[in-house]
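1. make a model of this:
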Amino acid sequence: KECDGSSDVCSSDLRDGINFKLGRHDPPDFTQTDLVVVNPAVAPGNEFVELARRSGVPLTTEMSLFWERNHGRVAAITGSNGKSTTTALTHALFQASGKKCWLVGNIGRSLLPVVDEIAAEDWVVLELSSFQLEWLNQIKARPDIAIVTNFSPNHLDWHLTLENYRSAKQALLHWQRPTDLAILNADDLDVSQWPTAARRAFFGTSNACDCQVEGTQLIVRASDGQSQDWKLDLTEHFKSPGAHNRMNAAAAVLAALHVGATPEEIIAGIQAFEPLPHRLQLVAEHSGRCFYNDSIATTPESAICGLQSFDRPIVLLAGGYERGGPDASPGALQRMIRLNAMTAWNIAAPAWQQMKRQGYGRLVFIGARLAIDPVAGKDHFAYAASKSLLFRFSEMLNADAGGSNLASAVLVPATIDTASNRSWNPGADRSTWVT
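-> You can find the predicted model right below:
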């Protein structure tokens with residue numbers, strides 16, 4: 001289309017002779033072409049990708065094209081949870097130390113259009129998914145620094161088996177050399193044993209770690225045998241709540257130290273770091289309650305990490321769909337809610353069990369199709385919510401508490417639209433709150 005201010009690429013930017021095929025795939029498009037660039041989310045065995053492979057047409061991805069053309073040094077981050085925050089924080093610490101660095105991956109723009117601007121002394125800080133690593137393994141991609149935040153079952157609808165998923169993640173370490181660095185989670189018994197030829201540095205809660213997480217403090221162990229250990233109190237400097245984010249910070253600190261950052265530069269970088277959107281993001285406060293958008297938490301493990309970040313009563317709003325993983329029995333959730341959207345249980349049930357263990361007593365489930373369980377008539381449901389509705393929701397909770405203003409945290413899922421303004425019917429039965 002012509003330029004209208006809404007597109008990054010306009011028809012005037014494109015060379016003559018380019019033919020577009022939109023809305024369908026035809027076999028000749030994959031057999032009579034010079035190259036097929038595959039979206040990494042396309043699952044193995046796709047009929048058109050296999051057709052190109054059998055026809056001898058080269059296959060690649062956008063990330064593979066970038067890697068083959070990049071001249072800079074690479075710090076690459078992967079993991080089942082926490083990789084986006086770790087990537088962004090690593091980039092912030094590198095910048096604070098005066099390094100010229102580039103952010104790329106699932107949270108940054110594609111750098112392929114500017115790859116020629118990246119110098120050999122620059123650092124590229126790169127977030128990588130298991131899908132991308134599956135392809136990068138084929139070109140023997142080798143990062144100078146590799147960080148693995150953790151490992152738990154995920155994306156088994158794509159990888160089919162846990163072994164395939166693990167193998168894809170391990171590809172980050174597979175081609176490293178002894179001169180490279182692998183930063184691994186010592187608390188993760190799986191990750192801590194992953195093979196690599198690189199030098200290892202560990203973060204975790206053990207005092208044997210190179211960067212130890214002890215409560216709200218990071219204790220950085222001197223590796224040269226001459227310097228003294230030093231401590232960093234994250235309560236004074238770090239805006240991202242939760243023990244899981246302190247682990248992410250520990251990994252980023254080790255990467256920053258490896259590139260020559262000083263303690264003072266690291267503290268400055270952490271102080272300047274702003275939490276990423278949708279990751280325990282504070283979106284509103286009302287009646288003494290804080291409303292957090294944690295919609296990036298699309299697995300039970302990440303949802304539970306969010307719950308563990310608070311030491312006050314929590315009201316959880318949860319939703320989602322099955323992406324493959326260990327079977328999660330509905331348990332207490334099934335006794336409270338009768339769901340038409342059965343697939344949402346896999347995220348909500350483990351999170352609810354965690355709430356039960358921590359003594360929290362209420363679950364609010366958000367989704368497109370919901371039904372009230374007669375046994376749980378005091379729980380409230382919504383189809384979608386704006387910020388004004390979150391305030392109304394807070395008032396409803398106050399009413400249920402006999403007017404007392406109890407402090408609660410609400411974790412807002414991706415199914416909620418916090419930007420829209422939808423109508424609210426104050427006369428409606430509160431047990432069937434809908435928009």
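2. tell me the phi and psi of Gln281?
-> With angles defined as degrees, to the nearest 10, Gln281 sits at phi -90, psi 120.
3. pull the residues that contact the host helix or strand of Glu163.
-> Using DSSP states H and E, the element containing Glu163 is helix 162-174. Outside of helix 162-174, the residues within contact range by Cβ atoms under 8 Å, 6 or more residues apart in numbering are 76, 78-80, 128, 130-131, 133-134, 136-137, 141, 143, 146, 148, 151, 153-156, 159, 182, 190, 194-196, 198. (Glycine included, C-beta is placed from N, CA and C.)
4. quick check: buried residues in it?
-> Leu162, Asn164, Tyr165, Arg166, Ser167, Ala168, Lys169, Gln170, Ala171, Leu172, Leu173, His174 (16 or more other Cβ atoms under 10 Å).
5. tell me the helix or strand right after it.
-> Going down the chain from helix 162-174, the next helix or strand is strand 181-185, by DSSP H and E.
6. what helices or strands is that following strand leaning on?
-> Secondary-structure packing of strand 181-185 (3 or more Cβ pairs under 8 Å, 6 or more residues apart in numbering; DSSP states H and E): strand 145-148, strand 199-204, helix 243-258.
7. now the helices for the chain?
-> 27-31, 47-54, 62-69, 83-96, 130-136, 156-159, 162-174, 234-237, 243-258, 263-272, 300-307, 332-336, 345-357, 387-400 (DSSP state H).
8. grab the nearest non-local neighbour of Ala73.
-> Careful, residue 73 is Arg and not Ala. Spatial nearest neighbour of Arg73, chain neighbours left out: Asp144 (4.7 Å); criterion: Cβ to Cβ, 6 or more residues apart in numbering.
9. is it true that the one you found touches Arg177?
-> No. Taking contacts as Cβ atoms under 8 Å, Asp144 lies outside contact range of Arg177: 9.2 Å.
10. out of those two, which sits in the busier spot?
-> Legend: neighbour count by other Cβ atoms under 10 Å for Asp144 and Arg177, higher for Asp144 (20 against 11).
11. list phi and psi for that one.
-> With angles defined as degrees, to the nearest 10, Asp144 sits at phi -70, psi -40.
12. and the pLDDT at it?
-> With respect to pLDDT, Asp144 scores 98.
13. mind exporting stretch 143-163 as CSV, just the C-alpha atoms?
-> Presented in CSV, the C-alpha positions along stretch 143-163 are these (Å, rounded to 0.1, in the frame of the first residue of the first chain):
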residue,chain,number,x,y,z
PRO,A,143,27.6,-16.7,21.5
ASP,A,144,30.5,-15.1,23.4
ILE,A,145,28.3,-15.1,26.5
ALA,A,146,25.4,-17.5,27.0
ILE,A,147,22.9,-17.1,29.8
VAL,A,148,20.3,-19.8,30.7
THR,A,149,17.8,-18.5,33.3
ASN,A,150,16.0,-21.8,34.0
PHE,A,151,14.3,-24.8,32.4
SER,A,152,10.8,-26.2,32.7
PRO,A,153,8.4,-27.9,30.3
ASN,A,154,7.0,-25.5,27.7
HIS,A,155,6.1,-25.3,24.0
LEU,A,156,5.6,-29.1,23.8
ASP,A,157,2.9,-28.5,21.2
TRP,A,158,5.8,-27.4,19.0
HIS,A,159,8.7,-29.6,20.2
LEU,A,160,6.4,-32.6,20.9
THR,A,161,8.7,-34.0,23.6
LEU,A,162,10.6,-32.6,26.6
GLU,A,163,13.8,-34.0,25.2
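14. give me the buried positions along that stretch.
-> Using 16+ other Cβ under 10 Å as the test for burial, stretch 143-163 gives 143-156, 158-159, 162.
15. thinking again about what came up before, so how far is Leu59 from the residue nearest to Arg73?
-> Per Cβ to Cβ, to the nearest Å, Asp144 is found 26 Å from Leu59.
16. buried ones in stretch 172-190, by neighbour count?
-> 172-176, 180-188.
17. using CSV, lay out these together with distance to Glu236 and pLDDT.
-> Listed next are the buried residues of stretch 172-190 as CSV, based on distance: Cβ to Cβ, whole Å; pLDDT from 0 to 100:
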residue, distance to Glu236, pLDDT
Leu172, 33, 98
Leu173, 34, 98
His174, 39, 97
Trp175, 39, 98
Gln176, 35, 98
Asp180, 33, 98
Leu181, 28, 98
Ala182, 30, 98
Ile183, 24, 98
Leu184, 27, 98
Asn185, 24, 98
Ala186, 25, 98
Asp187, 24, 97
Asp188, 27, 96
